[in-house]
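*Asks:* Sequence and predicted structure, then a few things I'm wondering about:
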Amino acid sequence: NTKSNTRRVHKTPGGNLVYLYTKKAGKVPRCGDCGTDLAGIKSARPHELAKMSKRMKTVTRAYGGSRCAGCTRSRIVRAFLIEEQKIVKR
């Protein structure tokens with residue numbers, strides 16, 4: 001068994017034990033800021049991701065498949081407060 005060639009034993013209906021060659025498990029995408037797993041996004045290998053529909057790979061929000069909800073919120077709040085500061089300075 002190597003990293004790309006893993007297998008497991010499976011019993012057939014006839015009672016024989018055979019090897020089933022398993023595929024690698026995909027990873028859940030992580031937030032680019034804090035590194036937590038992104039909720040609502042399927043874990044898959046790159047080739048499977050290409051076959052998936054868009055709604056399985058993103059969430060409908062700003063920074064949808066890239067940042068988690070908490071980091072998105074803090075980014076938006078930070079940008080808003082910076083704009084408010086600019087108005088106050090004038």
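*Replies:* The structure has been received and is ready for your questions. Keep in mind the model is a prediction, meaning the values are calculated, not measured.
*Asks:* and residue 38, how many residues sit next to it?
*Replies:* As a burial measure, residue 38 scores 19 neighbours (other CB atoms under 10 Å). Every residue, glycine included, has its C-beta placed from N, CA and C.
*Asks:* check contacts around it.
*Replies:* 28, 29, 30, 31, 59, 65, 68 (CB atoms under 8 Å, 6 or more residues apart in numbering).
*Asks:* go again using 7 Å as the cut-off
*Replies:* 28, 29, 30, 31, 65, 68 (CB atoms under 7 Å, 6 or more residues apart in numbering).
*Asks:* OK, contacts around the residue positioned nearest the centre of the chain?
*Replies:* In the chain, the centroid-proximal residue (CA atoms, centre = their mean) is residue 29; its distance is 2.5 Å. Shown in contact with residue 29 (CB under 7 Å, 6+ apart): 38, 41, 65.
*Asks:* helices or strands next to the biggest helix by length in the chain in the packing?
*Replies:* Secondary structure of the chain per DSSP state H: the longest helix is helix 69-89. Of the remaining helices and strands, none touches helix 69-89 by 3 or more CB pairs under 7 Å, 6 or more residues apart in numbering; DSSP states H and E.
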